[in-house]
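> Mind looking at a prediction? Sequence and model below.
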Amino acid sequence: MTETKEIKFNEETLELVQRIIKRYPEGKQKSALLPLLHLAQAEFDGWLSAPTMDYVASLLNILPIEVYEVASFYSMYNLKPVGKCVIEVCRTSSCWLMGAEDIIKYLENKLSIKAGETTEDGMFSIKTVECLGSCGTAPMMMCGSQFHEKLSFEKVDNILDKLKSDDKRKTYFDAVVVEDY
Amino acid sequence: MGKKILLKHDHVSGIQGYEVYRKMGGYTSVERALKNMTPNEVTEEVKKSGLRGRGGAGFPTGLKWSFMAKPKGVKRYLVCNADESEPGTFKDRYLMSRIPHLLIEGMIASSYALGANTAYIYIRGEFFYIARILENAINEAYANGWLGKNILDSNYSLDLFVHTGAGAYICGEETALLESLEGKRGNPRIKPPFPAVKGAWDCPTVVNNVETIAAVVPIINDGGEAYSKVGIGKSTGTKLISASGHINKPGVYEIEMGITVEDFIYSDEYCGGILNGKKLKAVVAGGSSVPILPADLILKTANGKPRLMSYESLADGGFTTGTMLGSGGFIVMDETTSIVKNLWNFTRFYHHESCGQCSPCREGTAWMEKVLHKILDGQGSLTDIDLLWEIQRKIEGNTICPLGEAAAWPVASAIRHFKSEFEEYVKNPSSINDVKHYFEVNKLEMA
Ligand SMILES: Cc1cc2nc3c(=O)[nH]c(=O)nc-3n(C[C@H](O)[C@H](O)[C@H](O)COP(=O)(O)O)c2cc1C
Ligand code: FES
């Protein structure tokens, strides 16, 4: 499932890293940690392995532990391997009122995995998340940077089919700048 | 049609881009401020406007700005709170994705007032696509001379950056947000010192919500006094309300403060009434943290006056019979909603999101979730309801940041107003399964 790849950004990304670091005051390069972890997760198979985190630490000249403690705090960082498409389903208030529990169950049945798990073919993971600011279009889920809103079982079917036929790893960096609501 | 100030142009086609935004009068507040006003004069206008923070606490913005320490030779920062993570709130998302330049314009004018030469927009990580929209807008602003060195030959320079978070409700709390900006875990800081004295990288910093900063634009354009005439009493101006739950027309509405709650829920201009013709049971009016109110108390105050959409009216009756405007996350529940199950969902959320620094919050939220789960499993006893009450009381006021209160208030208010429902679940567990949800009945499952 996880291809072994050398853990190193390409030249272009390394330049971006330098630009990100420059956004913060001199000597405060640690501030770039969250954005860099996002870059690393997208680049290295959708999760943060210890070597990946060590690499990020070396880029910022900070201790590996400073990276681990941050990576483990924030829910968007995956600390174990995940599928190509991580389905993040909101389970909070308004989504819950509008049927999030049913959407989660439906996904679990359809993919034959539980929330927090990955399908055997490495295609999908289900992750339950807290309110994503999409409560007016509940229930909702997110995959990569894409919000899927006003979900019904049918809509979920279509989205999964589409993701499967695309067969691409979805990352937060896929963002396209169109607003569709 | 109600009064629109922030969303006046939200449906103009192309308003996301610089050209159209500028044509509709965009960036005039920056011209006005930088060419004709001193930074203090800008702050004075904001004071006059009566604008109060739109992030939840409602603190007067001009006053907050005047607390900004100005030691010589020390940099100052403005950080925009675009974390928008309070359940039920999605107005900042709408504003940023529809009219990104309004936020950029407000950031420039506000940074000028505060004497900040570097500013950040801290946006929750899940809003990656909006971060892109903002970055595009920022690039356009640089290209057209609104950002960068010596803006409009005024000698004032400003750099503006977007910083993405990574999934943590607590990072909406301003000091946790600053920790997160510095690349650390989002553990709130002990106040004082307040950020205005010691904020980002120990420098004086003001943190303001997206909507607050956007409101600075019309305040400079039309004057603080004109803004203060909109709204009611100390609730000046308009407020963006995120309406969700069991209503016909969920969405983001800009309302003039002072319209009645009844009008907001039932009129076609706003929520359009309860979904499927059902009856209203309860409302959480200002994001998940504020006290829940039953239908009668949200529509009318305890002394029978119509309840208004304003800071004061929603708070009328204190916590005994009132609530708060909060972030304006307006969650509506119909007659089929189980208040206890909903409370379990909220409590689970606060347990998950507690940063873990303070024991009352860390342990208390977990404990409350367990007790609620026990009740919903049909194993509860009457003493469990008292226990819940005791736990929430011991969290409130005993934590570094207000997440403790945010977790305690929903529990307190649910018991206060819906105690009979808890008692029914305890005495007659089979009633728990009668609870119908939007789609179908589901047995609760816990990890
Ligand atoms: C747990 C918690 C979460 C918060 N989340 C947010 C948020 O998502 N967005 C926001 O603007 N303010 C949030 N706040 C309020 C901020 O701490 C702060 O008061 C606000 O950003 C100040 O801006 P304002 O004066 O413009 O409202 C939160 C507070 C707490 C205690
Ligand atoms: S409750 Fe699901 S997006 Fe807000």
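Sure, I can see it. Ligands and ions are numbered 1, 2, ... in the order given.

> Send me the helix or strand where B:Glu179 lies as CSV with only the CA atoms.
Assigned by DSSP states H and E, B:Glu179 falls within helix B:174-181. Only the C-alpha atoms of helix B:174-181 are listed here, as CSV (Å, rounded to 0.1, in the frame of the first residue of the first chain):
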residue,chain,number,x,y,z
GLU,B,174,-7.5,33.5,20.4
THR,B,175,-4.5,32.5,22.5
ALA,B,176,-4.6,28.9,21.3
LEU,B,177,-4.7,30.4,17.8
LEU,B,178,-1.6,32.3,18.5
GLU,B,179,0.2,29.2,19.8
SER,B,180,-0.9,27.4,16.6
LEU,B,181,0.4,30.3,14.5
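
> quick one: stretch A:131-146 near ligand 1?
No: if you take CB under 6 Å from any ligand atom as the test, stretch A:131-146 misses ligand 1, and the best it gets is 8.9 Å. From N, CA and C alone the C-beta is placed, and that goes for glycine too.

> which ones are touching the residue most central in space within chain A?
For chain A, the residue nearest the mean C-alpha position is A:Met76 (5.5 Å; CA atoms, centre = their mean). Neighbour list for A:Met76: A:His38, A:Tyr172, B:Gly125, B:Glu126, B:Ala166, B:Gly167 [criterion: CB atoms under 8 Å, 6 or more residues apart in numbering or on different chains].

> how about 10 Å then?
A:34, A:37-38, A:41, A:86, A:88, A:127, A:129, A:172, B:124-126, B:128, B:164-168 (CB atoms under 10 Å, 6 or more residues apart in numbering or on different chains).

> Check which element follows the helix holding B:Glu179 along the chain.
Assigned by DSSP H and E, the successor of helix B:174-181 is strand B:205-209.

> quick one: whichever helix or strand comes after that next one near ligand 1?
Counting by DSSP H and E, the next helix or strand C-terminal to strand B:205-209 is helix B:210-222. Yes: Helix B:210-222 is in contact with ligand 1 by CB under 6 Å from any ligand atom, via B:Thr212.

> If you count neighbours, what's buried in the next helix or strand after helix B:210-222?
Next helix or strand after helix B:210-222 toward the C-terminus (DSSP H and E): helix B:224-228. Residues of helix B:224-228 classed as buried: B:Gly224, B:Tyr227, B:Ser228 (neighbour count, 16 or more other CB atoms under 10 Å in any protein chain shown).

> what's the longest helix seen in chain A in contact with?
In chain A, taking DSSP state H as the definition, the longest helix is helix A:153-166. Residues outside helix A:153-166 that contact it (CB under 10 Å, 6+ apart) are A:83-85, A:87, A:89, A:99, A:102-103, A:106-107, A:110-111, A:121, A:123-124, A:139, A:141, A:143-144, A:146, A:148-149, A:151-152, A:170, B:439.

> Quick one, which of those are buried?
A:83-85, A:87, A:89, A:99, A:102-103, A:106-107, A:111, A:123-124, A:139, A:141, A:143-144, A:146, A:148-149, A:151, A:170, B:439.

> Mind checking which of the residues you listed are in helices?
A:Asp102, A:Ile103, A:Tyr106, A:Leu107, A:Leu111.

> returning to that earlier point: would you enumerate the residues in contact with the residue nearest to the residue nearest to the centre of chain A when sequence neighbours are not counted?
Nearest residue to A:Met76, sequence neighbours excluded (CB to CB, 6 or more residues apart in numbering or on different chains): B:Gly167, at 3.7 Å. Contact analysis of B:Gly167 by CB under 10 Å, 6+ apart lists A:73-77, A:88, A:129-130, A:132, B:85, B:124-126, B:186, B:353.

> is stretch B:353-364 up against ligand 2 anywhere?
No: legend: contact between stretch B:353-364 and ligand 2 by CB under 6 Å from any ligand atom is lacking; minimum distance shown is 13.1 Å.

> mind listing what's buried in that stretch?
B:Glu353, B:Ser354, B:Cys355, B:Gln357, B:Cys358, B:Pro360, B:Cys361, B:Arg362, B:Glu363, B:Gly364.

> Pipe the residues you listed into JSON lines and attach distance to B:Lys149, secondary structure and pLDDT per row.
Shown next, in JSON lines, are the buried residues of stretch B:353-364 (distance: CB to CB, whole Å; DSSP: H, G, I helix; E, B strand; the rest coil; pLDDT from 0 to 100):
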{"residue": "B:Glu353", "distance to B:Lys149": "41", "secondary structure": "helix", "pLDDT": "97"}
{"residue": "B:Ser354", "distance to B:Lys149": "44", "secondary structure": "coil", "pLDDT": "97"}
{"residue": "B:Cys355", "distance to B:Lys149": "39", "secondary structure": "coil", "pLDDT": "97"}
{"residue": "B:Gln357", "distance to B:Lys149": "41", "secondary structure": "coil", "pLDDT": "96"}
{"residue": "B:Cys358", "distance to B:Lys149": "44", "secondary structure": "coil", "pLDDT": "97"}
{"residue": "B:Pro360", "distance to B:Lys149": "49", "secondary structure": "helix", "pLDDT": "97"}
{"residue": "B:Cys361", "distance to B:Lys149": "45", "secondary structure": "helix", "pLDDT": "97"}
{"residue": "B:Arg362", "distance to B:Lys149": "47", "secondary structure": "helix", "pLDDT": "97"}
{"residue": "B:Glu363", "distance to B:Lys149": "52", "secondary structure": "helix", "pLDDT": "97"}
{"residue": "B:Gly364", "distance to B:Lys149": "51", "secondary structure": "helix", "pLDDT": "97"}
